[in-house]
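S.K.: Take this sequence and fold it.
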Amino acid sequence: MIRFLDILFSVIGLISLFPVLLIIYLLIILESRGGGFYVQKRVGKDGVDFTLFKFRSMFIHSENKGLITIGKRDSRLTKIGALIRNIKLDELPQLYNVLKGDMSLVGPRPEVRKYVNLYTKEQLKVLKVRPGLTDYASIKYAHENIMLGQSDNPEKVYIEEIMPDKINLNMKYIDNRNVKAYFNIIFTTIIHILKHNQH
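M.R.: Numbers count the residues shown, from 1 in each chain. Have a look, this model is predicted:
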């Protein structure tokens with residue numbers, strides 16, 4: 001049932017949001033050199049790598065300076081990139097990943113291999129399901145980059161504090177994965193984004 005809902009909502013989203021997607025893409029390529037999309041290998045279900053799509057929010061080759069984003073003080077962000085990240089529009093191309101079956105609308109956010117290699121045997125259980133666009137951890141850590149920006153050692157804080165807590169929240173959904181939880185997380189995410197953008 002969840003896979004059917006993923007396909008239905010991703011198709012509706014891609015079709016209805018196409019004008020918005022096109023405008024964002026054009027704004028990105030007009031502001032800075034490089035394509036409008038950023039692609040990156042992430043670890044998916046059963047530990048299999050897949051190609052994740054996002055709108056490019058940084059200047060090209062910025063990943064060479066680190067994988068952690070540190071909020072408003074991150075000089076790698078373009079102006080349009082900072083805006084679309086703030087309201088999570090940079091994640092919209094992942095509706096294509098959902099349609100393909102790489103991801104679900106709801107599930108643990110997919111990590112890069114570097115961090116998955118640090119998981120314990122117990123933590124690796126998060127790879128039993130498709131990664132998602134949002135889940136309980138995404139809601140709690142919606143402003144993660146700002147939190148990391150306040151740290152002297154963002155990567156250490158991420159690995160030792162944030163990542164383990166995220167995985168615990170991931171397991172909360174995995175252990176109670178059903179349609180009710182699926183819709184609850186989607187609606188909570190939408191409300192959270194709308195409230196944030198009223199301030």
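S.K.: what comes up buried for the helix or strand bottoming out on mean pLDDT in the chain?
M.R.: Taking mean pLDDT, DSSP states H and E as the measure, the helix or strand of the chain with the lowest value is helix 144-149, at a mean of 78. Along helix 144-149, the positions that meet the burial threshold by neighbour count (16 or more other C-beta atoms under 10 Å) are 144, 145, 147, 148, 149. To be clear about C-beta, it is placed using only N, CA and C from the backbone, and glycine gets the same treatment.
S.K.: Also stretch 51-61?
M.R.: Going by neighbour count (16+ other C-beta under 10 Å), the buried part of stretch 51-61 is 52, 53, 54, 55, 56, 57, 58, 59.
S.K.: Identify the residues contacting that stretch?
M.R.: Here stretch 51-61 makes contact (C-beta atoms under 8 Å, 6 or more residues apart in numbering) with 24-25, 28, 32-42, 74, 76-78, 80-82, 84-85, 89-94, 96-97, 102-103, 110.
S.K.: What's the end-to-end length of it?
M.R.: Between the opening and closing residues of stretch 51-61 there is a gap of 17 Å (C-alpha to C-alpha, to the nearest Å).
S.K.: Please report phi then psi for the closest residue to residue 172 other than its chain neighbours.
M.R.: Of all residues not flanking residue 172 in the chain, residue 136 sits nearest, at 5.6 Å (C-beta to C-beta, 6 or more residues apart in numbering). Listed backbone geometry of residue 136 is phi -60, psi -40, with angles given as degrees, to the nearest 10.
S.K.: tell me the contacts of residue 20?
M.R.: Under the criterion of C-beta under 8 Å, 6+ apart, the contact partners of residue 20 comprise 89, 92.
S.K.: quick one: pLDDT of it?
M.R.: Taken from the predicted model, the pLDDT recorded for residue 20 is 96.
S.K.: Also residue 133?
M.R.: The predicted local confidence for residue 133 comes out at a pLDDT of 96.
S.K.: In three-state terms, label it for me.
M.R.: Classification of residue 133 into helix, strand or coil gives strand, according to DSSP: H, G, I helix; E, B strand; the rest coil.
S.K.: Could you name the helices and strands sitting against the helix ranked longest in the chain?
M.R.: Looking only at the chain and at elements set by DSSP state H, the helix with the highest residue count is helix 179-196. For helix 179-196, the elements it packs on are helix 2-16, strand 104-106, strand 132-134, helix 136-140, judged by 3 or more C-beta pairs under 8 Å, 6 or more residues apart in numbering; DSSP states H and E.
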